[in-house]
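Student: Here you go, sequence then predicted model.
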Amino acid sequence: MRLQPLAFAAAVLTLSGVAHAQQPGAVSETALRAHLAFLADDLLEGRGTGQRGGDLTVRYLETQAALIGLQQIPGGGYRQKVDIEGSKMIDGGMTFTAGGKTIKPVVGKDIVFGTKSGKEAIAFDAPLVFVGYGVTAPEEGWDDYKGLDAKGKILVMMVDDPQPTAEEPNRFAGKAYTWYGRWVYKYEEAARRGAAGVMLIHTTRSASYPFSVPANGFSHERFGLKGPGNPVEGWFTEDTARQLFAAGGQDLDKLRAAAERKDFRPVDLKVATHVELRSKIRPVEQFNVVGIVPGSDPKLKSQAVVYSSHWDHMGMDEDDGGDPKRDRIYNGAIDNASGTAALLAMAAEAVRKPARRTQIFLWPAAEEQGLLGAAAYVKNPVVPLAQTAADLNLDSLNFVGRTRDIGVAGSERSSLYETAAGVAKSMDLKIAPATPDLSGAYFRADHFAFAKAGVPAFNVGSAVFSGDGHFEFEHHQHDASASMKGFKNHYHQVSDEYRPEWDLSGMVQQAQFTLNLGYAVANAPAMPTWKKGDPFGSVKR
């Protein structure tokens, strides 16, 4: 009888009593390109959450997982259920009254909003209260709420963190973004306080993207894990916020300056708000796809390294807006068919040569909706988080050619940095120079769900969105850098489509580095540890 690869490894282990620390094979560019081209095809309709294209994607991934030879999760199959709730605005608006003026911003142009309440119809009146950055950070001695009872109020706040000063150049990580700067944190904090709503003031600098990005997001169905949320949440354009503040007798710039101080207190804007909103609410059953390569070491196989890359994108618009020729499909070739395809190619190699620790390949659902699939996995992990060594995430990979260095931003929070540096050296790569995280990239991808739960994690080689010009390409340096930075014009747009002429050698290189790093972690005597003082290192697993 011929033994399958996993059975053969187990047999060798049983006979010898010693786990052999294998090294991964070469990631196949042919396989990666084939998966990428299919996943980004119009046939999958943008892999939308709660849409047919998403269902087709899950079916493809689980079929490929079986073909590769990944082991199923406990209970059978490759699917892990993620129960979420969809909400899409049908009609509605916000009307503001102050100083004898009535202001009604245009939805989609001046203001975007929706509900996470689970209710189809909402109508209420509430005052607007400015709460600065909306941050409560005990370790920074910072509290923007100062005992404010948020119930019945719509909280208006800025994106980003309190900025560094000459006296405190390192507060809130200096020029870099912290978790407190992310819109997700601000919405969550408002919900914890029972607010009637929360509205963020958009600027391209603070958000790191134009108003078209939240406008696009709120024009589609939005999703969240089941449970209570904000009755209303959304964004103002800066001009709209300025107009509303002025109507109530306040100066936006003066209040923003005041909010940079620890002694800032919430300000009643003296603006009455009437909200009316009708939404389509529906429960949606989505799935993470999970495949396992069992470890070869009898002791260490109870621990695991996770590789993750979200399968979802923004799907397809329901109508053509009166133009039957308009492209309605958000193919998401780079974001994130690239990472999804890379994980499939990596898994094929991992199955052939198991590492000492178990390796888990995770394709989370609903990342574009707020890391929902990753959050669901962390609540119900295949291997307990206390036994999870690391999560290595891939999202939006390099499509312009090989590089001489690799991005490992976020790894410096843990001992993963030293391991990554060793792997890079073995591949004749350098670690890309560290730059401040000005856009909050560390908090915007699936690995952060693991970090919040105390598992060392980072996004490997996030070159596409770096914009820092530090990645060294082997050929055509200027053209490659320009193409990489130019992708920002296609981010979350229908133009993020697969192109056969792409040079995927750099994508393969990035996937190979991630797989090699995973093996280094999986074969090491001890699990990675957080650096002293990192806030996520204090989370008990």
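Tutor: In hand now; what should we look at? Numbering: from 1, shown residues only.

Student: Every contact and neighbour count from this point should use C-alpha atoms.
Tutor: Will do.

Student: so where do the strands sit in the stretch 401-541 of the chain?
Tutor: Under the criterion DSSP state E, counting those that start in this stretch, strands of the stretch 401-541 of the chain are mapped to 405-406, 430-431, 457-459.

Student: no no, the stretch 51-200 of the chain
Tutor: Counting by DSSP E, counting those that start in this stretch, the strands of the stretch 51-200 of the chain are 79-98, 101-103, 111-114, 121-130, 136-137, 142-143, 154-158, 197-202.

Student: so which of the ones you listed comes closest to I292?
Tutor: Of all the strands of the stretch 51-200 of the chain, it is strand 79-98 that lies closest to I292, at 11.9 Å by Cα to Cα.

Student: Now do the buried residues in the closest one.
Tutor: For strand 79-98, the neighbour count (16 or more other Cα atoms under 10 Å) marks 79-80, 82-89, 92-98 as buried.

Student: Give me the angle between that strand and strand 121-130.
Tutor: Going by axes from the mean of the first three to the mean of the last three Cα atoms, to 10 degrees, strand 79-98 is angled at 70 degrees with respect to strand 121-130.

Student: neighbouring strands for strand 79-98, and are they parallel or not?
Tutor: If you go by DSSP bridges, strand 79-98 pairs up with strand 101-103 (antiparallel), strand 222-225 (antiparallel), strand 267-293 (antiparallel).

Student: for the residue nearest to M89 when sequence neighbours are not counted, what are its contacts?
Tutor: Using Cα to Cα, 6 or more residues apart in numbering and skipping residues adjacent in sequence, the residue nearest M89 is S279, 4.3 Å away. For S279, the contact set (Cα atoms under 8 Å, 6 or more residues apart in numbering) comprises 87-91, 114-115, 119-121.

Student: wait, isn't Q303 in contact with R357?
Tutor: Yes - assessed by Cα atoms under 8 Å, Q303 is found in contact with R357 at 5.6 Å.

Student: Those two: who's more crowded?
Tutor: Neighbour totals were compared for Q303 and R357, and R357 leads with 30 against 23 (other Cα atoms under 10 Å).

Student: What segments of the stretch 251-400 of the chain are strands?
Tutor: In the stretch 251-400 of the chain, the strands defined using DSSP E, counting those that start in this stretch lie at 267-293, 304-308, 315-316, 329-330, 358-363, 388-393.

Student: now those in a markdown table, with mean pLDDT and distance to Q23?
Tutor: Below are these laid out as a markdown table (pLDDT from 0 to 100; distance: least, Cα to Cα, whole Å):
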| stretch | mean pLDDT | distance to Q23 |
| --- | --- | --- |
| strand 267-293 | 97 | 14 |
| strand 304-308 | 98 | 15 |
| strand 315-316 | 94 | 38 |
| strand 329-330 | 96 | 37 |
| strand 358-363 | 98 | 13 |
| strand 388-393 | 98 | 17 |
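
Student: could those go into a markdown table alongside distance to S411?
Tutor: Formatted as a markdown table, these follow (distance: least, Cα to Cα, whole Å):
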| stretch | distance to S411 |
| --- | --- |
| strand 267-293 | 24 |
| strand 304-308 | 14 |
| strand 315-316 | 31 |
| strand 329-330 | 31 |
| strand 358-363 | 19 |
| strand 388-393 | 10 |
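
Student: out of the ones you listed, nearest to K488?
Tutor: K488 lies closest to strand 329-330 among the strands of the stretch 251-400 of the chain, at 14.5 Å (Cα to Cα).

Student: and that closest one, what does it pack onto?
Tutor: Secondary-structure packing of strand 329-330 (3 or more Cα pairs under 8 Å, 6 or more residues apart in numbering; DSSP states H and E): strand 315-316.

Student: Strand partners (parallel or antiparallel) of the strand it packs on?
Tutor: Note on strand 315-316: by DSSP bridges, its sheet partners are strand 329-330 (antiparallel).
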